[in-house]
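Peer 1: pasting a predicted model and its sequence here:
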Amino acid sequence: MRHLAAIAGLRDAYDLVIVGAGPAGMVAAATASGRGISVLVVDEAPMPGGQIYRAVAGTRLPRHLLGRDYRHGGKLVQAFSESEADYLPEASVWHLDETRTVGISLWGEARLIAAQQVILATGAIERPMPIAGWTLPGVIAAGGAQSLLKASGLVPSGRTVLAGMGPLLWLLAAQYIAAGAAPALILDTTPQVNRRHAARHLAGFLLSPYATKGLRLIARVRRRVRVLSTVEELSIGPVEAGLRVTFRRGRQIEDTRADTVLIHQGVAPNLNLAAAAGCALEWNEAQACWQPQVDLWGGSSVAGIAIAGDGAGIVGAEAAAARGELAALEALRALQAITAAERGRLAVAPRTRLRRFARGRAFLDALYRPSRAMRLPAPEALACRCEEVTGRQLADTVRELEVVGPNQLKAFLRCGMGPCQGRFCGATVTEAIAAARGVSPAEIGYMRLRSPVKPITLAELAAMPSSEADRHAVVRG
Amino acid sequence: MFRRLPEAAGPPVSFTIDGQPAVGTEGDTVAAALLAYRIREFRTTPVTGARRGPFCLMGVCFDCLVAIDGLASRQACLVPLREGMRVETRQGKREPGR
């Protein structure tokens, strides 16, 4: 790849622009480049790998500590590095529209470039976990804490409590144990009823690549760390020099002190750029989250814009890589770099991998689907972190003003209008309105998103190169 | 609070936190370097003045905003630490003209 250090190094136009350098983005770039088309990969991180393989090419930690799955990411980084793609790290993509104009910003400088084809590989974000106290300093998303471990070798010191559910919580606990920084306690919020729902999909899971690995991991953690199961009504409050975690088990209200609380209840697609570009979204009831509508090649409802990896719906890293390959093959076909027949032939291997890693997902989705009580904000919890709107304000406003949708709610409470632009309240707001009206979230819809999807200064906008026609378009008289 | 595993030690990177000299490690983001210094309150919110620190550490939540080299509201979790960087915490509501 050609590593670009400045935004001035970009061409004005590319055949294919890939947003994100996680498994899907890296594989898409490696698949598409070298076939006579120009490819650009833009990523926010300083190094390729995405969140899952964050800093894999730079970590100084010993090999055993982060596990074999993490090290596998090194191969994808290698293949991406050997590709002919242009690579712009540390940059934000703040705009995309149906003309496939891409707005990119790097260190106070912005550019608009043109793309024939776009693949969004924007990955996953933490699912909101709107419990009281989730905004307190010292309360950190488990995925975030894991990236501190991968990139900087940082582990929490003092008394650490992990709270929530999902494979990542177990993986992080295991990694901390291996690093000699075992957490004091795990509060598992997996609802009892999920085990029964998941049991239906047990056969598929046991045949999947996740089964042995996952069960071993959980057993290893349970041997070393105290785990309290079926925890409900979780909340966190500040106390002298630390935090207090309060929760209910059965009829018992309990609490425990902590220096750091790491929370997690699964991940959801990072869909802001896709949604702002006009890509249609759909509600995934099994995973209780929004995702873009995509076809078998990752194609969205907007021509020329595909979505690959977890950004198109949560499937995990290996399946994300396969989806990246499929999206790249379709982009190559659309650019007439390969024929439809070649595309079909080359798609056989990634489709097989996708099927293999899709097996077992239904079990994981059912087991780790957070309860509605954990998805809806408690009255005293902040539903919207940016605008500091509580669950009570949200519920009262929806009821009293008979709010019909998240866009109308913006006018009343500003939910979704802060810097995170709904990334941490979008699903919560839709579900709260749906619950109040007694309908499905699909009927309520997701909040309307617009560019810029990442903050950009007026100075950056003003300093962008503009043509005579651009100036004529806005000058009066 | 966070501590660095001994095996993760690396080349030092000098910078300043609110004018005080500090040393981070190559490969750190600004957020990681601050957390390693036991700083977990990065800013106050413009709405109620509540204290916030890094939450998502992947560029999504905007709770880790700091000023870096005079540029306000930078996401500390995304910016790699560089030699000589000036980091300022405790930004709250922005005043007009500031």
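Peer 2: Structure's in. What do you need?
Peer 1: list the contacts of the residue in chain B that chain A sits nearest to.
Peer 2: In chain B, the residue that lies nearest chain A is B:A8 (2.1 Å; C-beta to the nearest C-beta). All C-beta spots, glycine's among them, are computed from the backbone N, C-alpha and C. Applying C-beta atoms under 8 Å, 6 or more residues apart in numbering or on different chains to B:A8 gives the contacts A:59-61, A:152-154, B:25.
Peer 1: give me the residue ranges of the chain where confidence is low.
Peer 2: Defaulting to chain A. For chain A, applying pLDDT under 70 flags the ranges A:477.
Peer 1: actually chain B
Peer 2: B:93-98.
Peer 1: show me where it has strands.
Peer 2: B:2-4, B:12-17, B:20-25, B:43-44, B:51-52, B:65-68, B:71-75, B:85-88 (DSSP state E).
Peer 1: the top helix by length along chain A packs against which elements?
Peer 2: The longest helix of chain A (DSSP state H) is helix A:317-334. On a contact count with 3 or more C-beta pairs under 8 Å, 6 or more residues apart in numbering or on different chains; DSSP states H and E, helix A:317-334 meets helix A:23-32, helix A:68-81, strand A:109-120, strand A:305-307, helix A:340-346, helix A:348-358.
Peer 1: out of these, deepest packed?
Peer 2: Comparing those by mean neighbour count (mean count of other C-beta atoms under 10 Å in any protein chain shown), helix A:23-32 ranks first with a mean of 31.
Peer 1: ok, that one near chain B or not?
Peer 2: No. If you take C-beta under 8 Å from any C-beta of the partner chain as the test, helix A:23-32 misses chain B, and the best it gets is 14.6 Å.
Peer 1: and the helix or strand just after that helix, how far out from the chain's middle?
Peer 2: As assigned by DSSP states H and E, the chain's next helix or strand after helix A:23-32 is strand A:39-42. Relative to the centre of its chain, strand A:39-42 is centred 20 Å away, using C-alpha atoms, centre = their mean, to the nearest Å.
Peer 1: ok, strand A:39-42: who's next to it in the sheet?
Peer 2: strand A:13-19 (parallel), strand A:86-88 (parallel) (DSSP bridges).
Peer 1: continuing past that strand, what's the next helix or strand?
Peer 2: helix A:63-66.
Peer 1: for chain B, what's the nearest residue on the stretch 151-300 of chain A?
Peer 2: With C-beta to the nearest C-beta, the shortest gap between the stretch 151-300 of chain A and chain B falls at A:G153, namely 2.1 Å.
Peer 1: ok, A:G166 - contacts?
Peer 2: By C-beta under 8 Å, 6+ apart, the neighbours of A:G166 are A:264-267, A:368.
Peer 1: give me phi/psi at it?
Peer 2: phi 120, psi 160 (degrees, to the nearest 10).
Peer 1: same question, A:E443
Peer 2: phi -70, psi -30.
Peer 1: ok, now how distant is it from chain B?
Peer 2: 27 Å (C-beta to the nearest C-beta, to the nearest Å).
Peer 1: number of residues surrounding that residue?
Peer 2: A:E443 sits with 13 neighbouring residues when counted by other C-beta atoms under 10 Å in any protein chain shown.
Peer 1: how about A:E126, phi and psi?
Peer 2: Dihedral pair for A:E126: phi -60, psi 140, per degrees, to the nearest 10.
Peer 1: list the beta-bridge partners for it.
Peer 2: With DSSP bridges as the rule, A:E126 is bridged to A:V267.
Peer 1: hang on, it packs against A:A141?
Peer 2: Yes. Counting by C-beta atoms under 8 Å, A:E126 does reach A:A141; the two are 4.4 Å apart.
Peer 1: overlap in contacts of the two?
Peer 2: Between them, A:E126 and A:A141 share the contacting residues A:264, B:56, judged by C-beta under 8 Å, 6+ apart.
Peer 1: before we move on, the earlier item: quick check, nearest of the contacts of B:A8 to A:L354?
Peer 2: Nearest to A:L354 among the contacts of B:A8, counting by C-beta to C-beta, is A:T59 at 28.0 Å.
Peer 1: can I get the helices and strands packed on helix A:317-334 in a markdown table including distance to A:W283?
Peer 2: Converted to a markdown table, these look like this (distance: least, C-beta to C-beta, whole Å):
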| stretch | distance to A:W283 |
| --- | --- |
| helix A:23-32 | 22 |
| helix A:68-81 | 30 |
| strand A:109-120 | 19 |
| strand A:305-307 | 16 |
| helix A:340-346 | 30 |
| helix A:348-358 | 20 |
